[in-house]
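[1] Predicted model, plus sequence, below.
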Amino acid sequence: MDFKEKFFNKYSIQCYFSLIIALLSLLSLTVPLLELRTVVGNVFIASENGFEFMSFKSLFISDEFENFIPPLGILAIFQLVTSIISMCITIFYLVVKPYKPNLINTLISLNSFFCILYAIEGIVFDGLYHKYGFWYMGNLLNEEAFSAHTLSYIPLIICFVLLVIYLYLNYYFNKTEKSPKKLTMSTMQNTSSNKDKALLTPTMLEQVNALQEPFNISQQKLHVSDKENDIELLKKYKSLLDEGILSQEEFNSIKQNILKKLL
């Protein structure tokens with residue numbers, strides 16, 4: 001197995017993207033849900049991110065919306081734990097390789113959901129703060145002197161780009177697996193062992209079995225002295241040649257063997 005087959009196949013790609021998106025979901029907790037700056041000079045005052053909500057406290061949320069703090073803290077903790085577990089599972093599958101594609105896809109979907117949820121939280125809070133004013137350390141700040149914005153959309157954009165690339169690569173690998181490959185008698189002989197057959201797709205295996213059956217029967221008939229059977233056999237090989245399954249060289253070789261017995 002060469003480098004490309006080992007590290008650039010469908011299942012390895014799934015694990016890579018699952019690992020990256022889980023890491024992105026974890027790092028998104030460090031991105032500010034809200035960042036407070038002065039209007040004049042754009043001087044940084046304070047910020048609040050997902051990790052800070054884990055303490056079940058908030059610098060900016062006023063008493064009017066304090067009921068939102070516990071759910072935010074629980075969501076942040078759940079996102080943290082899920083991201084770490086997802087990375088551990090993905091690394092295990094990537095190293096040990098007992099691939100379970102459905103589970104990997106589930107992990108990718110779950111961590112992508114957290115990136116989307118985190119962006120929604122930031123956008124909602126940014127809107128609420130602009131509507132109701134800015135609270136800092138329990139005091140309502142003057143909106144004319146302070147401004148706030150969220151950076152929570154950044155992990156969402158990165159996650160979206162990764163998902164587009166992931167879906168394209170999945171489509172590419174599925175298309176490659178399903179594309180029919182033309183098999184000749186030589187390729188059929190080269191894939192006769194069980195080890196080689198294990199590398200073939202179900203469609204290719206059906207073609208190999210369909211080609212092997214008349215070929216194996218013909219090998220037995222080559223040793224039969226019945227001229228009529230040999231002639232019928234030659235006609236069958238001629239039809240395989242016309243259909244493009246056999247090459248001209250392969251047909252000529254088989255024809256010579258049959259004619260030797262007929263003459």
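    Noted; the coordinates are in hand.
[2] Low-confidence stretches in the stretch 151-263 of the chain?
    Within the stretch 151-263 of the chain, the ranges that satisfy pLDDT under 70 run 177-228, 261-263.
[3] one more time with 90, if that's ok
    Within the stretch 151-263 of the chain, the set of residues satisfying pLDDT under 90 comprises 167-263.
[4] Likewise for the stretch 1-150 of the chain?
    Residues of the stretch 1-150 of the chain meeting the criterion pLDDT under 90: 1-15, 34, 36-47, 53, 55, 57-69, 92-104, 124-149.
[5] longest helix of the protein?
    For the chain, the helix that runs over the most residues, judged by DSSP state H, is helix 101-132.
[6] so what does that one touch, helix or strand wise?
    helix 10-27, strand 34-38, helix 69-96, strand 146-149, helix 153-178 (3 or more CB pairs under 8 Å, 6 or more residues apart in numbering; DSSP states H and E). C-betas here are computed from N, CA, C, even on glycine.
[7] can you redo the ones you listed as a markdown table with distance to residue 136?
    Listed next are the helices and strands packed on helix 101-132 as a markdown table, based on distance: least, CB to CB, whole Å:
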| stretch | distance to residue 136 |
| --- | --- |
| helix 10-27 | 26 |
| strand 34-38 | 6 |
| helix 69-96 | 15 |
| strand 146-149 | 8 |
| helix 153-178 | 23 |
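[8] Out of the ones you listed, which is closest to residue 252?
    Comparing these against residue 252 with CB to CB, the closest turns out to be helix 153-178 (33.4 Å).
[9] Could you list every helix and strand that that closest one packs against?
    On a contact count with 3+ CB pairs under 8 Å, 6+ apart, helix 153-178 meets helix 10-27, helix 101-132.
[10] same thing but 10 Å
    helix 10-27, helix 101-132, helix 202-221 (3 or more CB pairs under 10 Å, 6 or more residues apart in numbering; DSSP states H and E).
[11] Deepest-packed of these, please.
    Stretch with highest mean neighbour count among the helices and strands packed on helix 153-178: helix 10-27 (a mean of 21; mean count of other CB atoms under 10 Å).
[12] so that one versus helix 69-96, what angle?
    With axes from the mean of the first three to the mean of the last three CA atoms, to 10 degrees applied, the angle from helix 10-27 to helix 69-96 works out at 150 degrees.
[13] In CSV, list the C-alpha atoms belonging to helix 10-27.
    Only the C-alpha atoms of helix 10-27 are listed here, as CSV (Å, rounded to 0.1, in the frame of the first residue of the first chain):
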residue,chain,number,x,y,z
LYS,A,10,-12.3,8.0,1.8
TYR,A,11,-12.1,6.8,5.4
SER,A,12,-8.9,8.7,6.2
ILE,A,13,-10.4,11.9,4.8
GLN,A,14,-13.4,11.4,7.0
CYS,A,15,-11.3,11.1,10.1
TYR,A,16,-9.2,14.2,9.1
PHE,A,17,-12.2,16.4,8.7
SER,A,18,-13.9,15.0,11.8
LEU,A,19,-10.7,15.8,13.8
ILE,A,20,-10.4,19.3,12.4
ILE,A,21,-14.1,20.3,12.8
ALA,A,22,-14.1,18.9,16.4
LEU,A,23,-11.0,21.0,17.1
LEU,A,24,-12.7,24.0,15.5
SER,A,25,-15.8,23.5,17.7
LEU,A,26,-13.5,23.5,20.8
LEU,A,27,-11.6,26.6,19.7
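[14] chain center to that helix: distance?
    8 Å (CA atoms, centre = their mean, to the nearest Å).
[15] ok, residue 91 - contacts?
    Neighbouring residues of residue 91 by CB atoms under 10 Å, 6 or more residues apart in numbering: 15, 18-19, 22.
[16] For it, give its distance to residue 107.
    Counting by CB to CB, to the nearest Å, the separation of residue 91 from residue 107 is 12 Å.
[17] list residues touching both of the two?
    The contact sets of residue 91 and residue 107 overlap at 15, 18-19, 22 (CB under 10 Å, 6+ apart).
[18] Any chance of CSV for the residues you listed, columns distance to residue 130?
    Compiled in CSV, these are given as follows (distance: CB to CB, whole Å):
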residue, distance to residue 130
15, 42
18, 37
19, 37
22, 32
